[in-house]
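Engineer: with the sequence up front, the predicted model follows.
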Amino acid sequence: MKYDKRTIGQLASELGFVRDTYEKTLRLVEVLQFIDSDTLLSESLALKGGTAINLMIMQLPRLSVDIDLDYCRSLSRDTMIEDRSVIIDKIILFMNASDYKHSDKSKRHYSLESHVFEYANSGGARDNIKIEINFSMRVHVLPLEIRRTTIPGVVQEVRSRCVSPIEILSSKIVALLTRGATRDLYDVNKMISLLSLTERDKELLRKCALFYFTICNTGIPESLDLGAHKSISKYRIRTELLPVLRRAEKIDLDEMLCSVERFLSELLVFTGKERAFIDKFRKHEYDPELLFDESEIVERIRSHPMAIWKTNEA
């Protein structure tokens, strides 16, 4: 794709977005199209996080600034290791050929690869995009989905393998309660406002949120602090969130906080079996049957790498 300052500026203006951030989203879309065009990558990587929410689930309520992916082709550690280097090499080769520079800010850990690619945008300013791949989240509670969407300014339909909306929302809730980012608050509020969640959906959402709380590195708190996200200030909204929103959108921080806190306080009321799951997990015993009744879910996550690793920690 040719990134022309005038064309991108006109499209961004029509949509009400900041030009440079809109261009970054277009560049992310181009990466997703490359992933979908490659057999190994399209079979191996599932999109999650804010980009999945705002590009594939909802119709671009805000712009995306990075790509979060899970490796999903095989539970096998050996297969994952074989695929891993090939996947990373393919992505780096594509990015280099597309005039990006692989940044020294990139990081490689056992579970997570975070690759930063620098570029000069159509206005001549230096910018970067980040692609993160988690190689420990190799299985998911709910089946993955193939989703399609159209993006303003992109001729070709965008297609991507995605983590399910319920599971993405559950991870966003965990992220909001642990790191309190402005975009997490916005995404959670948008999803609970626009998705028609049934009682069954909410039950699954609660269980997924609890599952991801237990296997994340922060551990399981004695109680979920629903006030943690109140550290989000109007200044942070102005500097962190508004640049990725349409200029016409008005944000009422107090209303957003009240809406999300009310939803979470009703959602995160755990049953006896769910509390038993937490208690056993704290004792390094992983019993997914206590959390999920569905045999297909239990079988999918019985050997979840992160759950096994956390319960085997000394």
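Structural biologist: The structure has been received and is ready for your questions. All values derive from a computational prediction rather than experimental measurement.
Engineer: helix, strand, or coil at Val116?
Structural biologist: Under the three-state scheme (DSSP: H, G, I helix; E, B strand; the rest coil), the conformation of Val116 reads as strand.
Engineer: spit out the contact partners of it.
Structural biologist: Going by C-beta atoms under 8 Å, 6 or more residues apart in numbering, Val116 touches His102, Ser103, Lys105, Ser106, Asn128, Ile129, Lys130. Glycine gets a C-beta too; all of them are placed from N, C-alpha and C.
Engineer: show me what it is bridged to.
Structural biologist: Taking DSSP bridges as the rule, Val116 bridges to Lys130.
Engineer: leaving out sequence neighbours, find the closest residue to Asp38.
Structural biologist: Here the nearest residue to Asp38 in space, its sequence neighbours aside, is Lys90; by C-beta to C-beta, 6 or more residues apart in numbering that works out to 6.3 Å.
Engineer: check contacts around the one you found.
Structural biologist: For Lys90, the residues meeting the contact criterion (C-beta under 8 Å, 6+ apart) are Asp38, Leu40, Leu41.
Engineer: got the CA coordinates for the longest helix anywhere in the chain in PDB?
Structural biologist: Secondary structure of the chain per DSSP state H: the longest helix is helix 77-97. Backbone C-alpha positions of helix 77-97 (Å, rounded to 0.1, in the frame of the first residue of the first chain) are rendered in PDB as follows:
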ATOM      1  CA  ARG A  77       5.900 -27.500  23.100                       C
ATOM      2  CA  ASP A  78       8.100 -29.100  20.500                       C
ATOM      3  CA  THR A  79       5.900 -28.100  17.600                       C
ATOM      4  CA  MET A  80       5.700 -24.600  19.000                       C
ATOM      5  CA  ILE A  81       9.500 -24.300  19.200                       C
ATOM      6  CA  GLU A  82       9.800 -25.500  15.600                       C
ATOM      7  CA  ASP A  83       7.200 -23.000  14.400                       C
ATOM      8  CA  ARG A  84       8.400 -20.100  16.500                       C
ATOM      9  CA  SER A  85      11.600 -19.200  14.700                       C
ATOM     10  CA  VAL A  86       9.900 -19.600  11.300                       C
ATOM     11  CA  ILE A  87       7.000 -17.400  12.300                       C
ATOM     12  CA  ILE A  88       9.300 -14.600  13.600                       C
ATOM     13  CA  ASP A  89      11.600 -14.800  10.600                       C
ATOM     14  CA  LYS A  90       8.600 -14.500   8.200                       C
ATOM     15  CA  ILE A  91       7.300 -11.500  10.000                       C
ATOM     16  CA  ILE A  92      10.700  -9.700  10.200                       C
ATOM     17  CA  LEU A  93      11.400 -10.500   6.500                       C
ATOM     18  CA  PHE A  94       8.000  -9.000   5.500                       C
ATOM     19  CA  MET A  95       8.500  -5.900   7.600                       C
ATOM     20  CA  ASN A  96      12.000  -5.300   6.300                       C
ATOM     21  CA  ALA A  97      10.800  -5.700   2.800                       C
END
